[in-house]
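Q: Mind folding the following:
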Amino acid sequence: MRVLISDKFEQSGLDRLKQIGCEVLYQPGTKDDALVQAVAQTNPDVLVVRSTKVPEAVLAAGPLKLVVRAGAGYNTIDVAAASRRGIYVSNCPGKNSVAVAELAFGLILALDRRIADNVISLRAGKWNKAEFSKARGLYGRTLGLIGLGQIGREMVPRARAFGMPVIAWSRSQAPDTPGYRATPQEVAADADIVSVHVALNAQTRGLIGEAFFAAMRPGSYFINTSRAEVVDQAALARAIREKKIRAGLDVFAAEPSGGAGEFTDDIAKLDAVYGTHHIGASTDQAQEAIAAETVRIIQTFQETSKVPNVVNLARVTPAVCALIVRHLDRPGVLARVLDVISEAHINVQEMENIIFEGAEAAVARIHLETEPGPEVMAKVRAASKEILEAKVAQIPELRS
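A: This next block holds a predicted model:
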């Protein structure tokens with residue numbers, strides 16, 4: 001299996017991929033048109049990326065079967081285009097949770113003690129203890145979490161270690177959870193510090209907007225280490241100016257593609273903003289864990305054709321029924337059944353064939369987009385003498 005890696009990747013992962021028999025093409029920094037050309041010229045089976053964008057042009061350039069995001073978020077990949085082309089998209093959720101939580105708390109501490117400003121002043125040869133002694137402290141301050149996925153959950157014990165009460169909102173949170181708030185705005189209103197930890201999707205894009213910042217307490221802190229698109233950046237900038245909100249941001253709307261480049265996002269120039277270079281997952285521990293998970297995904301795909309952590313399989317298909325065929329395990333039986341279905345112009349959505357012990361008999365479940373009528377079923381039963389039984393079951397019956 002040929003694997004093209006277009007971003008920086010741990011040496012341990014490269015070595016392991018070679019050990020399992022993969023041909024590894026390591027080309028960090030390859031992006032945009034150069035990535036299209038690389039896929040076209042090398043014909044990889046698998047593409048591994050971190051921050052590099054994967055548009056449809058890349059997916060169409062060669063015989064890709066799998067794209068692995070060596071990290072959690074996959075908004076830089078055109079998942080819809082991959083789905084249209086039958087290309088799996090997979091990610092490595094949870095492997096960087098501790099690293100991101102550590103950075104989020106680093107930003108909270110840095111904002112409260114104005115650590116970056118301290119450093120800048122000292123490097124400029126200035127001593128100003130009177131100015132930098134002004135800090136609120138974290139003990140007893142309420143931390144509000146937007147999102148309680150793996151990263152959000154990692155924030156909770158760290159907050160408690162600092163003596164901070166925690167409140168939270170999450171779409172998956174049970175209403176009776178201690179600290180539960182019904183809306184993000186309620187978290188904003190009740191917290192001294194808000195930290196955002198949600199994945200980017202259609203429901204969360206622009207989740208944090210005018211109403212949220214209007215609810216925040218004047219002078220409170222806002223942390224975003226998730227995705228820039230979750231936040232209305234113009235609304236955040238107004239809150240910084242008008243409500244004296246201080247912000248710690250690891251993600252920005254105008255980030256360069258790849259690891260380096262010009263950066264001109266105006267919000268990072270505001271005095272009340274402490275910014276980092278989208279480095280939430282960038283610890284040695286996290287990258288080693290992500291590399292190991294990436295290798296596991298590729299090895300599983302190589303050995304079984306199944307993809308762990310796949311993000312673009314349909315949860316619900318257009319199938320309305322399942323054709324269940326109990327048959328002797330002989331060559332050509334299912335081929336004849338599929339011929340009958342094809343002649344009836346019925347589309348197959350999914351299918352599996354389960355073999356019984358001894359490999360003498362099997363049961364095939366073929367999910368169909370249209371229910372076969374009595375005439376088609378008669379042809380199915382007559383398709384082979386090895387067919388023991390054929391019947392139709394409705395999809396709801398199979399799921400119950």
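Q: what stretches of the stretch 301-400 of the chain score poorly on pLDDT?
A: 396-400 (pLDDT under 70).
Q: just the chain next, same as before
A: Judged by pLDDT under 70, the stretches of the chain that qualify are 174-176, 257-259, 396-400.
Q: And the chain, what are its domain boundaries?
A: 2-95+285-304, 97-280, 321-399 (automatic domain parsing).
Q: Please tell me how far the nearest residue to Arg238 once chain neighbours are set aside sits from Ile5.
A: In this structure, Arg238 finds its nearest non-sequential neighbour in Phe213, 7.2 Å apart by C-beta to C-beta, 6 or more residues apart in numbering. Yep, even glycine has a C-beta here, placed from its N, CA and C like the rest. According to C-beta to C-beta, to the nearest Å, Phe213 stands 40 Å off from Ile5.
Q: re the thing from before, out of the domains of the chain, nearest to Leu313?
A: For the domains of the chain, the distance to Leu313 is smallest for domain 2-95+285-304, at 8.1 Å, taking C-beta to C-beta.
Q: can you give me the end-to-end distance of the closest one?
A: Domain 2-95+285-304 has an end-to-end distance of 16 Å (C-alpha to C-alpha, to the nearest Å).
Q: cool, stretch 331-349 as well?
A: Rule used - C-alpha to C-alpha; the end-to-end distance of stretch 331-349 is 22 Å.
Q: buried ones in it?
A: For stretch 331-349, burial by neighbour count (16 or more other C-beta atoms under 10 Å) applies to Val333, Leu334, Arg336, Val337, Leu338, Val340, Ile341, Ala344, Ile346.
Q: Identify the residues contacting stretch 197-209?
A: Where contact means C-beta atoms under 8 Å, 6 or more residues apart in numbering, the residues beyond stretch 197-209 that reach it are 72-73, 75, 100, 104, 145-149, 151-152, 155, 171, 184, 196, 224-227, 229-232, 235-236.
Q: Weed out the non-buried ones from the residues you listed.
A: Buried among the contacts of stretch 197-209 (16+ other C-beta under 10 Å): 72-73, 100, 104, 145-149, 151-152, 155, 184, 196, 224-227, 229-232, 235-236.
Q: Burial check on Lys269, number of neighbours?
A: Counted with other C-beta atoms under 10 Å, residues neighbouring Lys269 total 9.
Q: Relative to Leu236, how far out is it?
A: Taking C-beta to C-beta, one finds Lys269 at 14 Å from Leu236.
Q: ok, and the closest non-adjacent residue to Gly248?
A: Leu107 (3.0 Å).
Q: same check, this time on Leu200
A: The shortest distance from Leu200 to any non-neighbouring residue, by C-beta to C-beta, 6+ apart, is to Arg227 (4.0 Å).
Q: Which of the three states applies to the nearest residue to Val348 once chain neighbours are set aside?
A: Nearest residue to Val348, sequence neighbours excluded (C-beta to C-beta, 6+ apart): Ile366, at 5.9 Å. With DSSP: H, G, I helix; E, B strand; the rest coil as the basis, Ile366 sits in strand.
Q: For Ile366, name its beta-bridge partners.
A: Leu323, Met351 (DSSP bridges).
Q: Met155 - that's part of a strand, no?
A: No: assessed with three-state DSSP, Met155 is helix; it does not lie in a strand.
Q: Pull the contacting residues for it.
A: Ala101, Ala104, Phe105, Leu143, Leu145, Val166, Ser195, His197.
Q: ok, now how distant is it from Ser195?
A: The value you get for Met155 to Ser195, if C-beta to C-beta is used, is 6 Å.
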